[in-house]
Structure formats: structure tokens, C-alpha cells
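Chemist: give me a model of this one.
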Amino acid sequence: MGSKALFFFAFLAFFVAATFVECQDLNIIDITHEYVPTMPSYGSKKGLGEILTLVCDQRKGFKTTNSLLTIQVHSGTHTDAPSHAFIEYFNQQTDATTLDLQTLNGPAIVVDVPRDQNITADVMKLLNIPRGVKRVLFRTLNTDKKLMSFTEFDSSYVGFTQDGAQYLVDNTDIKLVGIDYLSIASAFDVLSPHLVLMKNKDIIPLEGLKLDGVEVNVPYTIHCLPLKLHADASPVRCILIK
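Modeler: Model (predicted):
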């Protein structure tokens, strides 16, 4: 068999395989919140506000419609970069462009956090997340209370405490830490958990997730792609595939 025939059959096999995969019904779950003016913004009573402005409007005689986007990078569903918490990493430009796409994409699980407390070391022990699990999304009371649907920021949200973050670093292999409100850290000590988690630049906080109705303790594949921004955080489109 000649090289041209081999190439043809190899291409045909690839095409058939790719078509078969494409035709499978993927159970895609979008865990990204829609950006709307009424969504909460950290520390604000007024919410996110308008982030889109029409600079060209076809209704006013322009040939196209063009919008200007103005947004705080820690809004909605987003990832933090190490430069968010460490001035030395900011100076080194360890920003959203440096976030590891291998960490942001791959096998993941969703776990339910006890509803009456923050994510402390004791809670982490209770969750008993096994070694080898690298991507964990923590569903908390924030989801039950639908905090992301209220405009006014709620400082009573559930997040990690310093000792909970330290337990995660010392006793698990988790590299992607997701949560269902605007900060991975509880409001009463918002800095310390960030410092613990991002000290070595290998753990990525994923914040503002939409976990309503997502089944827990089943295998998923997570896909998150931040914008390639030279910034301390980036909005992200994030999905689970079951």
C-alpha cells in the first residue's frame, strides 16, 4: 500500500472517530453566572452596575453595533492570580496570564460543605477529600441562600478560614479550589486564606461559581478559561461535563 493510500485511510479513521465523539450527547453544565447590573460586587450595596456601553449603535446610523466593556476583574465567576495577594508577585507580573491551564481543566468533584459554618480545618477533616483529587468545588450555604442573585453584598457568606486553607495545603493535593460566592475566604479574615493558598503559586482560587442543582460526589470534567489579561484576576467561562 502506497503512502498516499495510508494517509487516506489514516485520515478516514480519524474523521470517523472524531465524528463519533462529536455526535455523543455531552451533559454540559454551565457553572458561570451571567453578568447583569444587579449581580453583587464585593463590599458594595449597589451591585455591579452597568458594565456595557454602546459606542456604536446601528439604530443611530452606525454601520455596526459596538460595545465597550468596563468591569472589575474580581466580578462574577472569576479566578484570582497570585498578584492579587502578594505585592512581590505583582511586581513579577505573576498575573492572570500565568494561570496554569492544566490546573483549570481536568477531572473534578463537587462537595457539599456543612451548612452552619465556614470551611475550617475541622470541616476539611470531615469532608475527607482523598489524596490525588486536584480540583474541588465547594458548594455551601451560599448556594442555598442564592447569595449571587442579590444585589447587596452579604458579608455573612461562607468561605475558608486560615486554618481551613492551611489544612488544604498540608493534607490534600487540591490545586483548583472553587466556591459559590465572590471570595474564597470568609469575610472576617479575607486576606489570610488567600496568602496561604497562593503562597507557592500552584493553587488557583475559582470564585463566584453557580452550583445550583449540581450533583455532588460524582466525577466531572471541568473546563475553565480565563481571559489572557495582565491583571490580578480574570473573568472566566466555566463548565462541567458529566
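Chemist: where do the helices sit along the protein?
Modeler: 3-23, 87-91, 101-104, 121-127, 141-144, 162-171, 192-198 (DSSP state H).
Chemist: lowest average confidence across those, which one?
Modeler: Among the helices of the chain, helix 3-23 has the lowest mean pLDDT, at a mean of 54.
Chemist: what about the residue nearest the centre of the chain, distance to Ala233?
Modeler: Nearest to the geometric centre of the chain sits Leu206, at 3.4 Å (C-alpha atoms, centre = their mean). According to C-beta to C-beta, to the nearest Å, Leu206 and Ala233 sit 11 Å apart. C-beta here means a position set from N, CA and C on the backbone, and glycine is covered the same way.
Chemist: one more: Lys201?
Modeler: Relative to Ala233, Lys201 is positioned 14 Å away (C-beta to C-beta).
Chemist: neighbour count for those two, which is higher?
Modeler: Ala233 (23 against 16; other C-beta atoms under 10 Å).
Chemist: was I right to think that one contacts Gly76?
Modeler: No - applying C-beta atoms under 8 Å as the test, Ala233 and Gly76 come out as separate, 10.5 Å apart.
Chemist: tell me who's in contact with Gly76.
Modeler: Shown in contact with Gly76 (C-beta atoms under 8 Å, 6 or more residues apart in numbering): 32-33, 35, 39, 48, 208, 235.
Chemist: can you select the buried ones from those in PyMOL?
Modeler: In PyMOL syntax, the buried subset of the contacts of Gly76 is picked out as below (16 or more other C-beta atoms under 10 Å):
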select buried, resi 32+33+39+48+208+235
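Chemist: which of the contacts of Gly76 fall within strands?
Modeler: Applying DSSP state E to those, the entries found in strands are Pro235.
Chemist: tell me the two of the contacts of Gly76 that are most distant?
Modeler: Across the contacts of Gly76, no pair lies farther apart than Thr32 and Leu48, at 14.5 Å, counting by C-beta to C-beta.
Chemist: can I get the contacts of Gly76 in a markdown table with pLDDT and distance to Ile179?
Modeler: As requested, the contacts of Gly76 are exported to a markdown table (pLDDT from 0 to 100; distance: C-beta to C-beta, whole Å):
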| residue | pLDDT | distance to Ile179 |
| --- | --- | --- |
| Thr32 | 98 | 14 |
| His33 | 98 | 13 |
| Tyr35 | 97 | 18 |
| Met39 | 97 | 16 |
| Leu48 | 96 | 18 |
| Gly208 | 98 | 8 |
| Pro235 | 98 | 16 |
